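Novice: how would this look folded up:
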Amino acid sequence: MKMRIPVQLIVGVGIVFIGGGALLGELLLVKWYPLHQKNVADAARKLLPYQNADLGIDMQVAAGIYGKVESVPDGVRIYRPKFFGKGPSLTIVSQTNPDGATEFSPEVLAHWQADGVNQGIPRYSFQNTQIDGRNAALVWRFQGVAMIMTAHIISPTRVIQADCTPGVEDEATYLEACDETLHSIKLAGPPTPAQAPAEPTLEDLRPPKRIR
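Specialist: Residues are numbered from 1 along each chain as shown. All right, here's what the predicted structure looks like:
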């Protein structure tokens, strides 16, 4: 006569296995997955050296972007291909600066600043800043299915435009990678002359008024 395993025992063992699996899954989600995400993000943001004498640039490119390198008109495209969707990429275009200007004109800066409103570009943002001591403008905009971060940098000999996008990768991580990449750009050529301090006005030379 065959011994029959009690249904209660089968149910009990099943509950133990299911509960153990759920506990293990929760442990993986709580402990392992955040650490895994951090390691992936750190690896993506690791900076690798890149030089291009023809473009007159010396920079660091985030490892998550640095993949294949191909020539484009007046520049270069660095990208990490994906089987599906658009991967991270960096496109740099360099042009000569015939008038030797060391700063973008107020008209050009105003145009970039107003572009988001004038053209209705989603998530548009603008910042006038400096990169490696050069006058620069940073623009963020949403285009197609991804954000694009653009750096315009001017030196006495050349002007470059660098477009960096996360593609379909994690936006927060790869925008940080783009930001670190673009801020690492160094342009060859003479340094930008330091701006002389403004001459004091008559108002500046007057003694301060005493408050009674």
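Novice: and stretch 93-110, average pLDDT?
Specialist: Stretch 93-110 comes out with an average pLDDT of 95.
Novice: Secondary structure element holding the residue nearest to residue 78 when sequence neighbours are not counted?
Specialist: Leaving aside its chain neighbours, residue 78 sits nearest to residue 90 (4.6 Å; criterion: Cβ to Cβ, 6 or more residues apart in numbering). C-beta here means a position set from N, CA and C on the backbone, and glycine is covered the same way. Following DSSP states H and E, one finds residue 90 within strand 89-96.
Novice: backbone phi and psi for the residue most central in space within the chain, please?
Specialist: The geometric centre of the chain, computed from its C-alpha atoms, lies nearest to residue 178 (Cα atoms, centre = their mean), at 2.0 Å. In terms of degrees, to the nearest 10, the main-chain angles of residue 178 are phi -60, psi -40.
Novice: pretty sure it is touching residue 167, no?
Specialist: No: using Cβ atoms under 8 Å, residue 178 makes no contact with residue 167, being 10.6 Å away.
Novice: Mind listing the shared neighbours of those two?
Specialist: residue 88 (Cβ atoms under 8 Å, 6 or more residues apart in numbering).
Novice: Which stretches in this structure count as strands?
Specialist: Secondary structure of the chain (DSSP state E): strands at 47-52, 57-62, 68-72, 75-79, 89-96, 125-131, 134-143, 146-154, 158-165, 186-187.
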